[in-house]
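Colleague: Kindly return the folded structure for what I paste below:
(one chain, ligands or ions: 1)
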Amino acid sequence: MIRAVVAKPGTPGNLAIENVAAPQPGPHMAVVRVETISLNQGEVKLAARAEPGKRIGWDLAGTVARAAADGTGPREGERVVGILPGGAWAEEVAVPSHALAVLPKEVSAAEASTLPVAGLTALYALEKGSGLLARNVLVTGASGGVGLFACQLAALCGARVVALIRQERHEALMREFGVRHIIASEDGSAAAKLGPYRLVLESVGGAVLGNAVDMLGPDGVCVVFGSSSGQDTSVNARQFYSSGRSARIHGLNVFGELAREHASIGLDRLLRLMAERHLRAHISVEAPWEDIARVGQDLMARRIPGKAVLHIRR
Ligand SMILES: NC(=O)c1ccc[n+]([C@@H]2O[C@H](COP(=O)([O-])OP(=O)(O)OC[C@H]3O[C@@H](n4cnc5c(N)ncnc54)[C@H](OP(=O)(O)O)[C@@H]3O)[C@@H](O)[C@H]2O)c1
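Modeller: Numbering: from 1, shown residues only. Now for the predicted structure:
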């Protein structure tokens, strides 16, 4: 048996650590001894309404305990980061070798574990605006896990990055991450003064999405991948189609993207940037995984900017 995070009614956040069966890897899967996991808003929300006993978790980092039997992927003893569509939060997991990447020596397991969902989402969202080098990019929810990676990656592509945050108190954090243009605005409307934008990376929804769509320039793309505000959006459709801008709204889901490209490819790219210190994680909470329910609640209450990382100790 191993221990894993499972949905358990009656516990805070529906999250508990329980004994489960040890992983049974298929021939193309490595068994990873997990050392760190990171939390994402989406999986904490999903966990809250999951069926009893369902295994939870997407992001993991650790060491390969057993390499894939078919000879693919990382070797035994290598430090790795990986992503699973569920059940990653456990002492040991079986992971397809194409969903793992080997850590450079400069990158810790804690840092690496922040990358799979948040880093890959930022990377793929930015790629939807490829060909937009050195153009205006608006990142909403910029103080969040995905937002901070998106700001850094867009700047590395040569974009002029405008970070939209809702709380002025996060301005210093954004500057620490190299962002020069910061707009603090609950509904996002104030970002119009630095527009129009060729690319908007949008994860807040509600009024922010409605306003951001109006700020797109010719051939502009608004990549929508989240709705942190939980609010519905109304878009001025007539203005959107009749402006002659040929702007687009593009929906993105990281697991949909992973059906098209193996996670190892994007993770390798992000790890290289991290090793060279071009990309940094903002880990504002590190705690033992026994604290998962409390940390999950803090994340949902937005008491945690950037990422929360939990350590699995045996
Ligand atoms: N489609 C996908 O595949 C995918 C992948 C990753 C994430 N997501 C989604 O993308 C969103 C962001 O993810 P994340 O991990 O970056 O979340 P996060 O770390 O919790 O960050 C949320 C961000 O949104 C801001 N925010 C929250 N409520 C807001 C409101 N009412 N008005 C304005 N801003 C608000 C937060 O500002 P404060 O810091 O001021 O609270 C923060 O900047 C979530 O909805 C998540 O589920 C989707």
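Colleague: The one residue in the stretch 151-300 of the chain that gets nearest to the ligand and residue 202, how far apart?
Modeller: In the stretch 151-300 of the chain, the residue that lies nearest the ligand is residue 226 (2.2 Å; CB to the nearest ligand atom). Backbone N, C-alpha and C define where each C-beta goes, glycine included. Applying CB to CB, to the nearest Å, the value for residue 226 to residue 202 is 8 Å.
Colleague: okay, those two: which has more neighbours?
Modeller: Ranked by neighbour count (other CB atoms under 10 Å), residue 226 and residue 202 place residue 202 first, with 27 against 21.
Colleague: wait, the residue of the stretch 151-300 of the chain closest to the ligand sits on residue 208?
Modeller: No - the pair residue 226 / residue 208 is not scored as a contact, 10.4 Å apart, by CB atoms under 8 Å.
Colleague: Quickly list what's touching both of those two.
Modeller: residue 202 (CB atoms under 8 Å, 6 or more residues apart in numbering).
Colleague: roughly how far apart are residue 38 and residue 145?
Modeller: Residue 38 is 8 Å from residue 145, by CB to CB.
Colleague: ok, back up a step: look up the closest residue to the residue of the stretch 151-300 of the chain closest to the ligand, ignoring the ones flanking it.
Modeller: residue 203 (3.1 Å; CB to CB, 6 or more residues apart in numbering).
Colleague: so the one you found touches residue 223, yeah?
Modeller: No - assessed by CB under 8 Å, residue 203 is found out of contact with residue 223, at 9.2 Å.
Colleague: quick one: residue 194 from residue 209, how far?
Modeller: To residue 209, residue 194 is 17 Å away according to CB to CB.
Colleague: who's more crowded, the two?
Modeller: With other CB under 10 Å as the criterion, residue 194 and residue 209 differ in neighbour count, and residue 209 comes out ahead with 25 against 16.
Colleague: between residue 38 and residue 145, which one's more packed in?
Modeller: For residue 38 versus residue 145, neighbours defined as other CB under 10 Å are more numerous around residue 38 (32 against 29).
Colleague: Now do the same contact list for the more buried one.
Modeller: By CB under 8 Å, 6+ apart, the residues touching residue 38 are 59, 113, 114, 116, 117, 118, 145, 307, 308, 309, 310.
Colleague: Which members of these are positioned in helices?
Modeller: residue 145 (DSSP state H).
Colleague: now the contacts of residue 38 in a markdown table, with distance to the ligand?
Modeller: Formatted as a markdown table, the contacts of residue 38 follow (distance: CB to the nearest ligand atom, whole Å):
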| residue | distance to the ligand |
| --- | --- |
| 59 | 10 |
| 113 | 13 |
| 114 | 10 |
| 116 | 10 |
| 117 | 5 |
| 118 | 5 |
| 145 | 4 |
| 307 | 7 |
| 308 | 9 |
| 309 | 13 |
| 310 | 15 |
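Colleague: Of the contacts of residue 38, just say which sits nearest to residue 293.
Modeller: Relative to residue 293, the closest of these is residue 310; by CB to CB it sits at 11.0 Å.
Colleague: which bits of this structure sit near the ligand?
Modeller: Neighbours of the ligand within the chain, by CB under 6 Å from any ligand atom: 40-42, 117-118, 121, 141-147, 165-167, 170, 186, 203-204, 208, 225-229, 252-254, 302, 305.
Colleague: Many thanks, have a good one.
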